[in-house]
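**Q** Provided below are the primary sequence and the corresponding predicted coordinates.
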Amino acid sequence: MTRIETMAVHGGRDDLAELGVHAPPIDLSTTYPVPDQALGGEALHAWADGAASASSPVYARLHNPTVGRFEQALAQLEGTEAAVSFGSGMAAVTAVLQAACVMTAKPHVVAVRPLYGGTDHLLSSGLLGVRTTYATADGVKDAIGPDTGLVVVETPANPNLDLVDIAQVVRQAGGVPVMVDNTFATPILQNPAAFGATYVLHSGTKYLGGHGDVMGGVVACAERLAGPLRQVRILTGAVLHPLGGYLLHRGLATLPLRVEAAQKSAATLAQRLAEHPAVEFVRYPRPDGVQLRGSGAMIAFACHADPTDVVRGLRLITPAVSLGSVDTLIEHPAALTHRLVPSVAREECGVPSNLLRVSVGLEHVDDIWDDLHRALCDADYVKASLKNSLDLVVAH
Ligand code: MET
């Protein structure tokens, strides 16, 4: 059996030898000549029905070969029959909701918090006509009703790295499709489909692209479920641009190496943070070696100092949302990624206001640590000196 590093390099490249090229071509055509219009019409019809292939792409909203190669490679890494990509991770989440809930007239969703704030907000907004019950991971069964179309979980969860036992949720779902957001783990560390997940979702913008320069989303699933997702994509136009498809495909080749290197640094940083007096607690996954094969490169930690001060004091680490890039990123979930989650619900699911989320990049681990350490000390120092000056004011 081909190993994951080899799949990451060679996946989705089956037709290159025949084409006589080394790198996958970027096909930017918006339309494709169909000299036999009747045959072109048959192809259009096949795409509209959700087919995986047809005699011509006909039009770029229906199919694109560059994007198709990325999908083939990602499906192989996730161990699924198919994958369907979208213009962003949120477009992918939307398509799953439309396919699983709207197209089936089962508008109820059961979701386990925490979830990425955008997903949480989409589910609670009612925008797509779905209504959501939030449950704990072991309360999924009780939350399911006759009109439940989808169960949504993230593991490791954004932003606090909570872990969910996928097989246990799938058992509780009792046949209701389960979507697992696998963005944090990547297919290198976890394959949710092997534990019964129906839809495996990635924000490709993160680790898959890996360089902070491409936005996309992708859903890996069985072919019978890929068809409706393609139909949604065609009808809503939520397509991934071919250049995005190319960059995501290219990113896959180095994914195992990037994850391994960043994970190694993250383990060191998680340990050092846990020993730092300015840190209240650290969240860093403990892999079970079965579902989750490694801890990954995301860390969350709560700080005693004002998180805004800590981030302001950083000089190397990039203060930004998103994750999985070559550079280390830090963000304050309560202020940014999870701002639109009601604060009571956010606190209840283990995302306090003093939590910071770090996406460890590929810089030297000691340079990342020096920056974090100094910012943590300075922020405390600022607090302490402010307190001293206040004491002085009071004393006078
Ligand atoms: C606009 S918020 C950012 C997006 C991204 N999904 C993150 O968790 O960082």
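**A** Cool, got the structure.
**Q** Would you agree Val321 is in contact with His332?
**A** No - look at Val321 against His332 with CB atoms under 8 Å: they stay out of range, at 9.4 Å. (Glycine included, C-beta is placed from N, CA and C.)
**Q** which residue does the chain bring closest to the ligand?
**A** Closest to the ligand within the chain is Val321: 3.7 Å, counting by CB to the nearest ligand atom.
**Q** which secondary structure element contains that residue?
**A** Counting by DSSP states H and E, there is no helix or strand that carries Val321.
**Q** ok so, going back, more neighbours, Val321 and His332?
**A** More crowded of Val321 and His332, by other CB atoms under 10 Å: His332, with 23 against 17.
**Q** residues contacting the nearest residue to the more buried one once chain neighbours are set aside?
**A** Nearest non-adjacent residue to His332, counting by CB to CB, 6 or more residues apart in numbering: Pro307, 4.7 Å away. If you count contacts by CB atoms under 8 Å, 6 or more residues apart in numbering, Pro307 has them with His332, Ala334, Ala335, Ser353, Asn354, Leu355, Leu356.
**Q** Just send these back as CSV, with secondary structure, distance to Ala48 and pLDDT too.
**A** What follows is these, written out as CSV (DSSP: H, G, I helix; E, B strand; the rest coil; distance: CB to CB, whole Å; pLDDT from 0 to 100):
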residue, secondary structure, distance to Ala48, pLDDT
His332, coil, 44, 98
Ala334, coil, 44, 98
Ala335, coil, 43, 98
Ser353, coil, 48, 98
Asn354, coil, 51, 98
Leu355, strand, 45, 98
Leu356, strand, 46, 98
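**Q** Would you list the buried entries among the residues you listed?
**A** For the contacts of Pro307, a burial check counting by 16 or more other CB atoms under 10 Å picks out His332, Ala334, Asn354, Leu355, Leu356.
**Q** Sketch out the strands for the stretch 1-150 of the chain, chain order is fine.
**A** Ranges of strands in the stretch 1-150 of the chain, per DSSP state E, counting those that start in this stretch, are 82-86, 108-112, 131-135, 148-154.
**Q** Redo the ones you listed as CSV? Include mean neighbour count, distance to Glu5 and mean pLDDT.
**A** Converted to CSV, these look like this (neighbours: other CB atoms under 10 Å; distance: least, CB to CB, whole Å; pLDDT from 0 to 100):
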stretch, mean neighbour count, distance to Glu5, mean pLDDT
strand 82-86, 27, 19, 99
strand 108-112, 23, 32, 98
strand 131-135, 18, 37, 98
strand 148-154, 25, 26, 98
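**Q** Which among these is found nearest to Gly244?
**A** Smallest distance to Gly244 across the strands of the stretch 1-150 of the chain (CB to CB): 8.1 Å, for strand 82-86.
**Q** Partner strands of the closest one, with direction?
**A** Strand 82-86 has its sheet partners listed here by DSSP bridges as strand 217-221 (antiparallel).
**Q** Next, the buried residues of the partner strand.
**A** Gly217, Val218, Val219, Ala220, Cys221.
**Q** mind checking pLDDT for the residue nearest to His332?
**A** On pLDDT, Pro307 comes in at 97.
**Q** Nearest to Ala99 among the buried ones among the contacts of Pro307?
**A** When those are ranked by distance to Ala99 (CB to CB), Ala334 comes first, at 32.1 Å.
**Q** Excluding covalently adjacent residues, which one is nearest to the closest one?
**A** With sequence-adjacent residues excluded and distances taken as CB to CB, 6+ apart, Ala334 is closest to Ser353, at 4.5 Å.
**Q** so that neighbour touches His338, yeah?
**A** No - counting by CB under 8 Å, Ser353 stays clear of His338, with 10.0 Å between them.
**Q** How about the residues of the stretch 251-396 of the chain by the ligand?
**A** Within the stretch 251-396 of the chain, the positions adjacent to the ligand are Val321, Ser322, Leu323, Leu336, Thr337 by CB under 6 Å from any ligand atom.
**Q** So which bits of the helix of greatest length in the chain are buried?
**A** The residue-count maximum for a helix in the chain (DSSP state H) belongs to helix 242-274. Neighbour counts using 16+ other CB under 10 Å place 242, 244-253, 255-256, 258-259, 261-263, 265-267, 269-270, 272-273 of helix 242-274 among the buried residues.
**Q** Report the contact partners of the closest residue to Ala262 other than its chain neighbours.
**A** In this structure, Ala262 finds its nearest non-sequential neighbour in Ala297, 3.5 Å apart by CB to CB, 6+ apart. Ala297 makes contact with Val259, Ala262, Gln263, Ser265, Ala266, Gly324, Ser359, Val360, Gly361, according to CB under 8 Å, 6+ apart.
**Q** what residues are up against the fourth one?
**A** Residues in contact with Ser265 (CB under 8 Å, 6+ apart) are Ala297, Val360, Gly361, Leu362, Glu363, Val365, Ile368.
**Q** can you give me the strands in the stretch 151-300 of the chain?
**A** Ranges of strands within the stretch 151-300 of the chain are 178-181, 199-203, 217-221, 279-283, 298-303, based on DSSP E, counting those that start in this stretch.
**Q** picking that back up, what about the contacts of Ser265, which one has the most neighbours?
**A** The residue in these with the most neighbours, by other CB under 10 Å, is Ala297 (30 neighbours).
**Q** For it, give me the backbone phi and psi.
**A** Here is the backbone geometry of Ala297 (degrees, to the nearest 10): phi -120, psi 20.
**Q** State the distance from it to Ala375.
**A** 19 Å (CB to CB, to the nearest Å).
**Q** between the buried ones among the contacts of Pro307, which is closest to His22?
**A** Leu356 (42.5 Å).
**Q** can you tell me which residues contact that closest one?
**A** By CB under 8 Å, 6+ apart, Leu356 lies in contact with Ala300, Phe301, Ala302, Cys303, Pro307, Val310, Val311, Ile330, Glu331, His332, Pro333.
**Q** now do Ala302
**A** Shown in contact with Ala302 (CB under 8 Å, 6+ apart): Val279, Glu280, Phe281, Pro352, Asn354, Leu355, Leu356.
**Q** who's it bridged to?
**A** Beta-bridge partners, per DSSP bridges, of Ala302: Phe281, Leu355.
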